[in-house]
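> Have a look at this prediction, sequence included:
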Amino acid sequence: MNAEDIERQLGITLRPWQRKILNTIGGNINANTVIAIRAPTGSGKTLISLLLAFYGYDANTVVVGVRARTEQTRFWEDVRKFNLDVVPLAFIAKSVHCRLLNDEELKAMKELNIEDVDVSCNKCMFALPHEDKANIHLARYFDAWLDAFIDTNPNLPPKEYVNELMGKLNDTHCTYDIEKNLAKGVIRLRRRLLLIGTYPYIFGYPSVVFENIISTYEEDNPRFLTPEGEEINVPSEGRIAVIIDEAHNLDKLSDQWERRLGTKRMERVLQFGERYCKQLLEKPPNPLDIAELKGIDEEKAMRLINESIEYCRNEFPQAKQTAESMIAKMKDRLKELAKEYEVTEKTYKRLKLEHINELTLSFEEFSKLIMPLTSVEDLVSRARIIRSFTTNSGLFYALYKYKETGAPEYRDQLLSLIDPDTWNFYITKEEDEVYISIKPVTPAPIITQARAKFEGPWILMSGTLPDKDYIERVWGLHVDYYIDLSKEVRIGHREVKIITDVTSEFKSRSPEMFRKYAELGKRIVMSGEDGVYLFVYPNARMMIDIANLMMDLPSSIKQVREGEVRNIPVLMKLAKENRKLVIHAFNGGSLVEGIELVENGKSFIKYVIFMGVPFPNVKDDYTRDKIKASGLPEYRYMKIQAWMSVMQAGGRSIRNNEDRATWVLADYRFSYLSKEWGLVPY
Ligand code: SF4
């Protein structure tokens, strides 16, 4: 179908560039094609990606990966706005939907970053009965349920989202389970499906959910009937396409795969262990329920319950004391090591083998001590807070043994790491808490595995997509079409100013230089128009030092720093209440990427001031390991990273054609970088 046919069919008018893309590559897409589109926010790239997938390739299911839950809305809204004949189902974390978790468990899972994974749904009483799952497309309520999901905005805060759904469904089943099965029903009814989820649904463990939905295409037989009684031949093969939104974030997949162990986590385990024991002693579960849950006989279930009760009553108090002293010892040791390695906030130092040995053994010792608590957890909760600790500790230990011996049996225990050879051990610090961490140094194996799981064309899009060579070498994805619309499609207006008498280069960092930066910052705020001023520093340290020197700005100018306000709605409120709001953020922090201060499509951010070039920190061992693994010359890698950061942070100020913003690039090195990046004419 060409662009004109699509316009006619949907009753829409495409932009000339959208028409051109559809007509040039729309008909040439096959299952192996990878398309990369670089175009700014607000240019209409969400629509073009959907049209390429559904019309160019004729996909029957399109899987979309978004960086953050709130970004699902763009796809969901475009389907409605352009009247696409597609069923959009947006997935948010299973734990948020789970009716069997309490608020403390949910909070702990969020804090430990395990909310997408660790809920066991086995034989849950809120799951749909098997009959309904198999025939959900026949059920009277199918359309009503589907409408409830399609009409509920996935951008609502998680709890509100689930409550609204529950109200509309008028049912007591689990909303997560219903959604999964509705998606399968949509496939059986041969309707086009848009499966939207955050990156883990494609690149991480929750991808099994999407794989399972897609496997509906392989169900061999016409055993499904339409409500009219007509047999449905589920197509033997799905035509799947994948869209990766804000795809520059693939570069950070390796960071997102990080696993950490630290004393905070040990404390959580103990705290929940105690809570679960108390729960078990006060209200032991019914052996019949446990027998059913675990698929064992009643006698065995009774034995399991009694063993756990015995443990909680007689052994746990002593184990708790031992565990507490282990935690205290570990706390001291980690602090000592952090000092020895000179770890600063959010930086990573590669651990020496002798320390890896010592620490992984200590975690394993703790893990063994609290192991009986995993059975207690199993009996009283659906959360997997304790088990997730013991699993991680086992992984850390196996990775250490694999690094030390290279023995294949350890490699076999590390399958979930995809390619254990690319993982390293580090020590790091966050909010004054010291952790040991394992991380892969390249995203390539993660991307390659996802590419194999979700076959079909892939469409990557972002306003700050790195070049084709980088995507191919660093991400390991062969790109067939690289479409750069950054010059052709311009959104809003930006004025770029370069200040050359300051610099953030290491050798020039001094109190004097920071004072100059602070004076510059204050001048900009005092002489500028009303609005939000986003200051972006190369790192947290510089942010603190310079922001401290700007505290003497008049009190009528509100100032906030990264870490003080985590919540975007709160920042939004501040932006509306204050004529001038100064936000101090740093490269690599959460604000620079995720700060969306937009109302009616327009951004509140009027100034973005770069207090130095946001190069990655080459004194950080993880950065060094990533550079090495990329195979690129160091300076080239660094420049691409800095370019992505500048464009991302700057892009926050221009979300719409009417947006006007000033970018101040304060560092003499910007005088040539800005030309190279096309920010100012040569
Ligand atoms: S099926 Fe049950 S255990 Fe699973 S998420 Fe839903 S309510 Fe929780």
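Noted; the coordinates are in hand. Numbers count the residues shown, from 1 in each chain.

> end to end, how far does stretch 473-487 reach?
24 Å (C-alpha to C-alpha, to the nearest Å).

> Go through that stretch and flag the buried ones.
Val474, Trp475, Leu477, Val479, Asp480, Tyr481, Tyr482, Ile483, Leu485 (16 or more other C-beta atoms under 10 Å). For the C-beta atoms, the positions are set from N, CA and C on the backbone; glycine is no exception.

> Distance of the first one relative to Phe514?
What that stands for is Val474. 33 Å (C-beta to C-beta, to the nearest Å).

> For this protein, which element, helix or strand, carries the lowest mean pLDDT?
When the helices and strands of the chain are compared on mean pLDDT, DSSP states H and E, strand 224-225 comes out lowest with a mean of 63.

> Around the ligand, pick out the residues from the chain.
With C-beta under 6 Å from any ligand atom as the criterion, the chain meets the ligand at residues 94, 97-100, 119, 121, 124, 126-127, 174, 176-177, 382.

> does the closest residue to Asp419 other than its chain neighbours count as helix, strand or coil?
Excluding the flanking residues, the one nearest Asp419 by C-beta to C-beta, 6 or more residues apart in numbering is Pro445, at 3.8 Å. Using DSSP: H, G, I helix; E, B strand; the rest coil, the structure places Pro445 in helix.

> Start at 826, not 1
Renumbered: residue one is now 826, and that last one reads Pro1270.

> sorry, back to before: could you tell me which of the buried residues of stretch 1298-1312 belong to helices?
Val1299 (DSSP state H).

> three-state assignment of Val1407?
Assignment for Val1407 (three-state DSSP): strand.

> That one and Arg1386 touch, don't they?
No. The pair Val1407 and Arg1386 fails to qualify as a contact (C-beta atoms under 8 Å) at a distance of 9.3 Å.

> Give me the more crowded residue out of the two.
Val1407 (23 against 20; other C-beta atoms under 10 Å).

> and that one, what is it in contact with?
By C-beta atoms under 8 Å, 6 or more residues apart in numbering, the contact list for Val1407 reads Val1350, Val1357, Tyr1358, Phe1360, Met1375, Leu1378, Ile1382, Lys1383, Gln1384, Val1385.

> Narrow the residues you listed to just the buried residues.
Val1350, Val1357, Tyr1358, Phe1360, Met1375, Leu1378, Ile1382, Lys1383, Gln1384, Val1385.

> Between which two of these is the distance greatest?
Across the buried ones among the contacts of Val1407, the longest distance by C-beta to C-beta is 15.2 Å; it joins Val1357 and Met1375.

> Over to the residue of the stretch 1276-1425 of the chain found nearest the ligand: give its phi and psi.
Nearest to the ligand in the stretch 1276-1425 of the chain, going by C-beta to the nearest ligand atom, is Lys1278, at a distance of 22.5 Å. The phi/psi pair for Lys1278 (degrees, to the nearest 10) reads phi -70, psi -40.

> how about the longest helix along the chain: buried residues?
Ordering each helix of the chain by length in residues (DSSP H) puts helix 1178-1205 first. Neighbour counts over helix 1178-1205 (16+ other C-beta under 10 Å) mark 1180-1182, 1184-1185, 1187-1189, 1191-1192, 1195, 1197-1205 as buried.

> low-scoring stretches of the stretch 1126-1275 of the chain, by residue?
Scanning the stretch 1126-1275 of the chain for pLDDT under 70 picks out nothing.

> quick one: which helix or strand includes Arg1276?
helix 1269-1278 (DSSP states H and E).

> Restrict that helix to CA atoms and write it as CSV.
Provided in CSV are the C-alpha atoms of helix 1269-1278 (Å, rounded to 0.1, in the frame of the first residue of the first chain):
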residue,chain,number,x,y,z
ALA,A,1269,25.3,-6.1,22.0
PRO,A,1270,24.5,-9.7,23.3
ILE,A,1271,21.3,-8.5,24.9
ILE,A,1272,20.2,-6.8,21.7
THR,A,1273,21.2,-9.8,19.6
GLN,A,1274,19.2,-12.2,21.8
ALA,A,1275,16.1,-10.0,21.7
ARG,A,1276,16.5,-9.7,17.9
ALA,A,1277,16.4,-13.5,17.7
LYS,A,1278,13.4,-13.8,20.0
